[in-house]
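K.L.:
Here is the input, now give the coordinates:
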Amino acid sequence: MSGSGPFGGTGNPFEGLFGELAKLLSNQGPLNLEVARQLSQWLATEGQTEPNIDPVERMHYEDLVRVADLHVARATGLSTSVTGHVLAVNPVGRSEWARRTLDAYRPLFEGLAEGLAAAADDDHVDPDPATDLLGGVTEVVGPLLLGIQAGSMVGHLARRALGEYELPVPRPPSDQLVLVPVNVTEFATDWSLSLDDVRLWLCLNEITHHAVLGLPHVRARLDQLLRSYVAGFRPDPHAFQDKLTALDPTDPSSFQAVLGEPGELLGAMETPEQRQTLTRIEALIAALEGYTDHVMDAVGQTLVSGYGALVEALRRRRAERGEGERFVARLFGLDVSPAQYERGRAFVKGVVERAGEDGLARLWHSKRELPTPAEVDAPGLWLERIDLPD
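P.N.:
Residues are numbered from 1 along each chain as shown. Model (predicted):
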């Protein structure tokens, strides 16, 4: 593997970090975004130059999106447009996907940083020189380490993401679907699937997510839950101090050791309040993914010739969680595991068995119809509640 590292070195992405440390630390705010951007780009491409998207491939995706758009709109009864414009597709490389995703996730990373900082300020401890020194180091090194964590997470995600809804995190309103053809091609090749089948499935899947997450009350609810979760972490200064003792300015690789497991770099501890929020996030995501799978089964089986083999490959892919997904699960509370997909499918199946497709169509009608955690596990309770008069 060749190419320049993100901080001016070669090979190892941390090699040139200390040479430009002063610049990287200047005006960094709660999250060192420059570090995050450089590292995410480097990890996404492994330091290599990416080729431009083939114009023929771009046109092929444009044709598929038009077909998929019509079928998803008919199957869901939802508008597939968020801004009122015609839905369009934007095939990009891994580095561009990483750039866009980092921008989209930035409010969550900054919410995490600000929550940790505010919690540290609220902790009343007796004055102590070591504590005072730790506080100063935290202000400087914390944003840097969080920038490394953010860049690492997004960079790893970019290596396997098929589209922008690889993870159901709300993004800025847009009617442009961002897809990653190189990852689509790799997935099709690795699983011996028809590339055209995978492309069409991806367009259908992305548009279904886009239609649901484009609903203002769904977007607002998920955004509120995610922001609440990331802001709820509480720092453990002793854990962070232990991390800092591992830093060796003469050894850039020590930064890699400091990162450790996702979410541990600042000694962040999950609180009981966060766990309550987590159950609500999981319920909403289960309903979303179960509904999407239901739509995909209804539409995909008629449009995608190798749908059965494709679904099996996707099931196995979901079980092979990469490092990026583990970061997201730890930091955002967004654990989209196979168990969550199955939970959602069971909920949707239960609704359809009791109330048919018309009953399921009520799922996204308003914020009142969004299911609670208990209702996701008991669809009869959800149907009973939404039938009650206001």
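K.L.:
Tell me where the chain has strands.
P.N.:
Ranges of strands within the chain are 88-91, 176-179, 234-235, 268-269, based on DSSP state E.
K.L.:
what's the burial count for residue 293?
P.N.:
By the criterion of other C-beta atoms under 10 Å, residue 293 has 21 neighbours. (C-beta placed from N, C-alpha, C; glycine too.)
K.L.:
pretty sure it contacts residue 344?
P.N.:
Yes. If you go by C-beta atoms under 8 Å, residue 293 and residue 344 touch, sitting 7.0 Å apart.
K.L.:
Tell me, how many residues neighbour the closest residue to residue 368 other than its chain neighbours?
P.N.:
Using C-beta to C-beta, 6 or more residues apart in numbering and skipping the chain neighbours, the partner closest in space to residue 368 is residue 386 (7.1 Å). Here the count is done by other C-beta under 10 Å, and residue 386 has 18 residues near it.
K.L.:
now swap in residue 189 and tell me
P.N.:
Neighbourhood size, residue 189 [other C-beta under 10 Å]: 11.
K.L.:
pLDDT value on the residue nearest to it when sequence neighbours are not counted, please?
P.N.:
Leaving aside its sequence neighbours, residue 189 sits nearest to residue 195 (C-beta to C-beta, 6+ apart; 7.9 Å). Note on residue 195: pLDDT of 96.
K.L.:
mind checking how far the closest residue to residue 194 other than its chain neighbours is from residue 202?
P.N.:
Computed as C-beta to C-beta, 6+ apart, the closest residue to residue 194 that is not its neighbour in sequence is residue 306, at 5.3 Å. Distance of residue 306 to residue 202, computed by C-beta to C-beta, to the nearest Å: 14 Å.
K.L.:
Looking at the two, which has the bigger crowd around it?
P.N.:
More crowded of residue 306 and residue 202, by other C-beta under 10 Å: residue 202, with 26 against 15.
K.L.:
That one against residue 162, yeah?
P.N.:
Yes. The pair residue 202 / residue 162 is scored as a contact, 5.4 Å apart, by C-beta under 8 Å.
K.L.:
which residues are common contacts for the two?
P.N.:
179, 184 (C-beta atoms under 8 Å, 6 or more residues apart in numbering).
K.L.:
For stretch 151-162, list every residue counted as buried.
P.N.:
Buried positions in stretch 151-162, judged by neighbour count with 16 or more other C-beta atoms under 10 Å: 151-162.
K.L.:
again, but for stretch 310-327
P.N.:
310-311, 313-314, 317, 321, 323-327.
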